[in-house]
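K.L.:
fold the following and give me the result.
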Amino acid sequence: MLAQYLPTLLFLIVATGIGVALIIVGRVLGPRRPDAEKLSPYECGFEAFEDARMKFDVRYYLIAIQFIVFDLEIIFIVPWTLVFQELGPRALVTMALFVGMLFLGFVYVWKKGALEWE
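P.N.:
Got it, this is the predicted structure:
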């Protein structure tokens, strides 16, 4: 019974060995010339001008959440469209409710002015 898992175990051992070997080779052969510029924190190409704990506008988070919601919508809609004809009318109604709720959320965010930038 365990002989069936031998190829999987061998694959895991080889993959782990390759990963460890690449890390060791990079550590041994890689250049190590740290200087003040390399060790400084990266701040988008310019010096930090404010505290790292500055407050973001709430609209930023609303846009981010909206992006995630519509991204998840695509994850559910694309497979549904592939099997739409086999599912029948009940699936059409269910998907219409799903898209309708997402549309209502979009209208709410739009009416609240979260999509307006100054």
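
K.L.:
from here on, contacts and neighbour counts on C-alpha atoms
P.N.:
Fine.

K.L.:
need the helix or strand of the protein with the lowest average pLDDT.
P.N.:
Of all the helices and strands that make up the chain, the one with the lowest confidence by mean pLDDT, DSSP states H and E is helix 36-39; it has a mean of 77.

K.L.:
distance between that one and the chain's centre?
P.N.:
Going by C-alpha atoms, centre = their mean, to the nearest Å, the spacing between the C-alpha centre of helix 36-39 and its chain's C-alpha centre is 30 Å.

K.L.:
contacts for it?
P.N.:
The set of residues external to helix 36-39 that reach it, using C-alpha atoms under 8 Å, 6 or more residues apart in numbering, is empty.

K.L.:
next: stretch 72-79.
P.N.:
M95, V99.

K.L.:
for it, the distance to its chain's centre please.
P.N.:
Here the centre of stretch 72-79 is set off from its chain's centre by 15 Å, with C-alpha atoms, centre = their mean.

K.L.:
for it, output the C-alpha coordinates as CSV.
P.N.:
In CSV, the C-alpha atoms belonging to stretch 72-79 read as follows (Å, rounded to 0.1, in the frame of the first residue of the first chain):
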residue,chain,number,x,y,z
LEU,A,72,-14.9,37.6,-6.5
GLU,A,73,-17.9,38.2,-8.7
ILE,A,74,-15.9,37.2,-11.7
ILE,A,75,-14.7,34.1,-10.0
PHE,A,76,-18.3,33.0,-9.5
ILE,A,77,-19.7,34.2,-12.8
VAL,A,78,-17.2,32.7,-15.3
PRO,A,79,-17.7,29.0,-14.3
